[in-house]
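Chemist: Need the 3D shape of this:
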Amino acid sequence: QVQLVESGGGLVQAGGSLRLSCAASGFAFSRYIIYWYRQAPGKERGFVAYITPSGDRTNYADSVKGRFTISRDNAKNTVDLQMNSLKTEDTAIYYCNVLYNQRNYWGRGTQVTVSS
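Modeler: Next up is the predicted model:
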């Protein structure tokens, strides 16, 4: 079965960096776009970034452009999200996502907290 497991979250001061990782299994990872989403307290889950199967194209929410970088390793079935210049408004639970066989799969998420 499809499994997505996020890791790497934590508490960091504003201006700091974190690197999140998503480990995937149960599907042909290298054939699928992988997404990162986030959900802040009291807000809806929102798009952060995606990366195409070969990694040749990426896209970012305007709020994270220039600060976050998504990458993937198809040999390891992992997708990373490097987050730099973190702001307090980046505080959220971060989720990895894949659309597989017309169904959305999500991990359990990893908490990122940015203090001022």
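Chemist: Give me the residues contacting stretch 60-73.
Modeler: 34, 36, 46-51, 55, 58, 78-86, 89-90 (C-beta atoms under 8 Å, 6 or more residues apart in numbering). All C-beta spots, glycine's among them, are computed from the backbone N, C-alpha and C.
Chemist: check contacts around the residue positioned nearest the centre of the chain.
Modeler: Here the mean C-alpha position of the chain is nearest to the C-alpha of Trp36 (C-alpha atoms, centre = their mean), at a distance of 3.1 Å. Residues near Trp36 by C-beta under 8 Å, 6+ apart: 20, 22, 48-50, 70, 79, 81, 94-97.
Chemist: which non-adjacent residue is nearest it?
Modeler: Closest residue in space to Trp36, ignoring its immediate chain neighbours: Val48 at 4.2 Å, by C-beta to C-beta, 6 or more residues apart in numbering.
Chemist: wait, isn't the one you found in contact with Arg38?
Modeler: Yes - using C-beta atoms under 8 Å, Val48 is in contact with Arg38, at 5.3 Å.
Chemist: Neighbours of the residue nearest to Ala40 when sequence neighbours are not counted, how many?
Modeler: Of all residues not flanking Ala40 in the chain, Ala92 sits nearest, at 4.2 Å (C-beta to C-beta, 6+ apart). Look at Ala92: counted by other C-beta atoms under 10 Å, it has 22 neighbours.
Chemist: Just list whatever residues bridge to Ala92.
Modeler: Val112 (DSSP bridges).
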